[in-house]
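K.L.:
Predicted model and sequence follow; I will ask about them next.
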Amino acid sequence: MAAGLAGFALLWSLLLQPYVSDAFIIIFLATVMTAGWFGGTGPGLFCVALCTLSVDYYFIHPRYALVMNAEGVPYFLSFLLSAGCATWLASTRRIAEESQRVHFDKLFDQGPEAIMLVDHRDRVQRINAEFSRIFGYTSDEIIGGVSLRFIVPEHLHDEAMESRAKLLNGESVSMESIRMRKDGTLMNVSEIAVPVSTDGQQMSFYYLFRDITENKRAADALERAHAELVHLSRVTTIGELVTSIAHEVNQPITAVITYGNAANRWLAQDPPNLVEVRDALGNIVRDATRAGEVIGRIRTLVQKGTPQMTLLDVNEVIRSVLNLLDAEIRRNGVRVQSDLGLVPGVIGDRVQLQQVMLNLIINAIDAMSRVPMRKSVISIRSSLDRDKVLIQVEDTGVGITDEQADTMFNPFFTTKPGGIGMGLTISRSIIEAHGGALWAASGAAGAVLNFSLPSAGESNEAN
Amino acid sequence: MKRTESIVFVIDDDASVRSALKSLIRSVGLEVEGFASGQEFLDFQRPDVPGCIVLDVRLPGISGLDFHKALIKAGIPLPVIFITAHGDVPMSVRAMKAGAVEFLTKPFRDQDLLDAIQLALDQDRIRRKQDGEISELRERFETLTARERELLALVVSGKPNKQIADAIGISEFTVKVHRANLTRKMQAESLADLVRMSVRLNVSPKS
């Protein structure tokens, strides 16, 4: 090649010689540089030698004779220098390119993520070891195949086509989805796809996969365990309340039975006292309805299921819980002061928020039962604090220390004999899942439990 | 309005249960008054007739058992029938030991409650009669002179007149006179009668 180049340069120089004086020097310089750049040291030197000889023979006096004299030396040196520079630059650049390629290959082949390169027709071009490991395909099996057919389960083809459309648009795609292994089993993956285009070439796509089946399973298990725990704690809370609730259902039932018996006796009188009978029947209907309502309230409370996020009026939630706890509150001689402000609605799960209120109020009652000398008052306030709805439950109980204000939210922290110490832990996780915060502070006499929830923006109509 | 012969007091903080009980008790022709708390009952001006209390064990502020004790302490001897929504054995034992007539678990059979009320009213009638007799005896006892009271204690302990005379340093004749007087004043028909009376009055010789 070096010889060809040198010949080519000579031909041009000779052709141009009659028109441009000394043009040969530029052409020969370009020639040796080209040879050095592309050919490296050997061909470069060879070309330098040929060019020097050509110049000596054709352009230096005496012409048409190979006489090495002083006049030829500067030509030789300048050719040598140019070729050397070109060779050096070329090799430096080659080394850099080579090392970049090695780095990339290492990253591709040994990286911790599964990588797949596909071309614009969705043919697999290249995969790495991690890809083989998680998908089960060797390079031979998959390269050249259509990636969609191999690893995307059929029901997700549409999703894959959608993300392909985005890629063709030049956007990267990051998502969690399901992919199929060689053995047909499915796995949860987190997938990142990046379009790569070089000038004048069709677009290619890099796909990065990470198998998150285990994480997902763990997260699901955690979520289920949490739901179980919330349910358990709710049931435990109910367990603590069961006596009180049994009482509440038993009262109207007792009244119904007693009215029924009384009505029979009024009817048996001669003459029957129909005024009393009518009165008793009216009361039977009223008290049976009341018993039904109590049952209904309990059923709502123990319902287990996924949270139902709806627009809620916190004041209504507070009132429903107070209603539910009425018997418990009265039995403990507690006075409830509610100061429910005009607050916007919140988005939340009604039953979960009821459970939090239930926990806070029962804790307050419990704290006050240990201070028998003091008046038992629970103050419940709701207000708007910037863009949050703030609910405060203050008691006149034993109070809390600064240290307790933090530790009381820890799992298994309890001051109640027989308590499982999960009430506040669960309450806090519920409130946090609603995007809010739950914290404790010292009040005028006892403790203040506060929680805030993001407001949904609309003010309620109530009071 | 007919004269009140007896009265049943219902103390239950649940308005429905209270008024249902009142209706039932009225339906058998008994007078009845309802109260939401023990304090309301204590504030009530009770007519002086035989009565009984139907008491809910679980009252706001004070337990029915404690309220029963307070009644006994305050010298209100009305018989008590407990009703409860969740009676357990130890609680009923405590109630019965404290002198309750009956311990019924809600919901109860109406006949059981009415029987218990009847029993309680009978008990109260007897107690009132006995109380009446005792207060009459006490009135009679009050008419005795100091010497006669001293003699009564010795007489009922079974000592002969001679010994009594020696013991308090008076003549046997004087003893006989005093003895005739106190027997007349106490309206006793025999020594045995006198002994029975002194037992009920809790008179004993100071020895």
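P.N.:
Right, received. Where do you want to start?

K.L.:
got the buried residues for stretch A:129-147?
P.N.:
A:130-132, A:134-137, A:142, A:147 (16 or more other C-beta atoms under 10 Å in any protein chain shown). In short, each C-beta sits where N, CA and C put it, glycine included.

K.L.:
among those, which two are most distant?
P.N.:
Across the buried residues of stretch A:129-147, the longest distance by C-beta to C-beta is 15.8 Å; it joins A:130 and A:147.

K.L.:
residues contacting the residue nearest to residue A:183 when sequence neighbours are not counted?
P.N.:
Spatial nearest neighbour of residue A:183, excluding adjacent residues (C-beta to C-beta, 6 or more residues apart in numbering or on different chains): residue A:136 at 6.0 Å. Residue A:136 makes contacts with A:181-183, as judged by C-beta atoms under 8 Å, 6 or more residues apart in numbering or on different chains.

K.L.:
quick one: contacts for residue A:35?
P.N.:
Contacts of residue A:35 (C-beta under 8 Å, 6+ apart): A:1-2, A:5-6, A:43-44, A:46-48, A:83, A:86.

K.L.:
That one sits in which helix or strand?
P.N.:
helix A:24-39 (DSSP states H and E).

K.L.:
Could you list the buried residues of that helix?
P.N.:
Taking 16+ other C-beta under 10 Å as the criterion, helix A:24-39 shows A:24-25, A:27-29, A:31-37, A:39 as buried.

K.L.:
quick check, nearest of these to residue B:19?
P.N.:
residue A:37 (110.9 Å).

K.L.:
Model confidence score at that closest one, please.
P.N.:
The per-residue pLDDT reported for residue A:37 equals 85.

K.L.:
Show me what from chain B comes close to chain A.
P.N.:
B:13-14, B:16-17, B:19-21, B:23-24, B:26-28, B:58, B:60-61, B:85-86, B:106-108, B:110 (C-beta under 8 Å from any C-beta of the partner chain).

K.L.:
So among those residues, which ones count as buried?
P.N.:
So, by 16+ other C-beta under 10 Å, the buried ones in those are B:13-14, B:16-17, B:19-21, B:23-24, B:26-28, B:58, B:85, B:106-108, B:110.

K.L.:
Show me what residue of the stretch 351-463 of chain A gets nearest to chain B.
P.N.:
residue A:376 (10.9 Å; C-beta to the nearest C-beta).

K.L.:
what pLDDT does that residue get?
P.N.:
Reported pLDDT for residue A:376: 87.

K.L.:
for stretch A:3-23, what is the average pLDDT?
P.N.:
In the prediction, stretch A:3-23 has an average pLDDT of 73.

K.L.:
which residue sits farthest out from the middle of chain B?
P.N.:
residue B:171 (42.1 Å; C-alpha atoms, centre = their mean).

K.L.:
nearest spatial neighbour of that residue, skipping sequence neighbours?
P.N.:
Closest to residue B:171 by C-beta to C-beta, 6+ apart is residue B:165, at 6.0 Å.

K.L.:
again with residue A:13
P.N.:
Counting by C-beta to C-beta, 6+ apart, the residue nearest residue A:13 is residue A:24, at 3.6 Å.

K.L.:
what's near enough to touch that neighbour?
P.N.:
A:9, A:13, A:16-17, A:55, A:58-59.

K.L.:
same check, this time on residue B:142
P.N.:
Residue B:142 touches nothing, counting by C-beta under 8 Å, 6+ apart.

K.L.:
how far away is it from chain A?
P.N.:
46 Å (C-beta to the nearest C-beta, to the nearest Å).

K.L.:
and that residue, what pLDDT?
P.N.:
For residue B:142, pLDDT reads 87.

K.L.:
Against residue A:267, how distant is the residue nearest the centre of chain B?
P.N.:
The residue lying closest to the centre of chain B (C-alpha atoms, centre = their mean) is residue B:127, at 4.4 Å. Going from residue B:127 to residue A:267 by C-beta to C-beta, to the nearest Å gives 35 Å.

K.L.:
just residue A:322 next, same as before
P.N.:
40 Å.

K.L.:
same thing with residue B:53?
P.N.:
Distance from residue B:53 to residue A:267, by C-beta to C-beta: 28 Å.

K.L.:
For residue A:100, report the pLDDT, please.
P.N.:
92.

K.L.:
which residues of the stretch 201-350 of chain A fall in helices?
P.N.:
Ranges of helices in the stretch 201-350 of chain A, per DSSP state H, counting those that start in this stretch, are A:213-268, A:274-302, A:314-324, A:326-331, A:350-369.

K.L.:
and those as a markdown table, adding mean pLDDT?
P.N.:
Shown next, in a markdown table, are these (pLDDT from 0 to 100):
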| stretch | mean pLDDT |
| --- | --- |
| helix A:213-268 | 79 |
| helix A:274-302 | 85 |
| helix A:314-324 | 88 |
| helix A:326-331 | 78 |
| helix A:350-369 | 86 |
